[in-house]
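Novice: Sequence isn't available, so here's the structure alone:
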């Protein structure tokens, strides 16, 4: 059995990608608009971790507003634009009313990734922009939570509009 790995978990909306009205803002080509300092910060911080994952609530899928393939395509596009820092990603397509284990603030996405990839959650970090992110990290036993505004050194925390 291999040694447990340290992982960096990163939220999507409002952390990696700009959002407005709880939707990812896209450019004229339909690509997500990334938040400030994301590229440089991930280049600098990613080598400190064995693995790196996007973990994201995506209730718009279950509401029929967007497909899971479209969301995954956005994650994959961002991964390519950022130089491939992400080992993978998990999304929760459910709404709060579904009471699933995967929707943040519950820990399901973190626990699944830890089980599949041998992650030591206590030695790992989650970066997010909401109380749900912080609470999910705590519920999963993630050792460190960092607010996105601090991790990416935003002078003025961008609004989620």
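Specialist: Done, it's in. On a predicted model such as this, the values are computed, not experimentally measured, just so you know.
Novice: Show me the longest helix that occurs in this structure.
Specialist: helix 68-81 (DSSP state H).
Novice: Please identify the buried residues of that one?
Specialist: 71, 74-75, 78-79 (16 or more other CB atoms under 10 Å). To be clear about C-beta, it is placed using only N, CA and C from the backbone, and glycine gets the same treatment.
Novice: so who does residue 56 touch?
Specialist: 11-13, 71, 75, 89-92 (CB atoms under 8 Å, 6 or more residues apart in numbering).
Novice: Looking at those residues, which is nearest residue 52?
Specialist: Nearest to residue 52 among the contacts of residue 56 is residue 89, at 9.6 Å by CB to CB.
Novice: Which helix or which strand is home to the closest one?
Specialist: Residue 89 is part of strand 88-92 when elements are defined by DSSP states H and E.
Novice: same question for stretch 28-38, mean pLDDT?
Specialist: Mean per-residue pLDDT for stretch 28-38: 96.
Novice: Could you tell me the end-to-end distance of it?
Specialist: 20 Å (CA to CA, to the nearest Å).
Novice: right, and residue 90 touches residue 58 too?
Specialist: No. Under the criterion of CB atoms under 8 Å, residue 90 is not in contact with residue 58, lying 10.0 Å apart.
Novice: These two: who's more crowded?
Specialist: Legend: neighbour count by other CB atoms under 10 Å for residue 90 and residue 58, higher for residue 58 (23 against 17).
Novice: can you give me the end-to-end distance of stretch 99-112?
Specialist: Stretch 99-112 has its terminal residues 17 Å apart, counting by CA to CA.
Novice: Relative to the whole chain's centre, how far out is stretch 123-130?
Specialist: 8 Å (CA atoms, centre = their mean, to the nearest Å).
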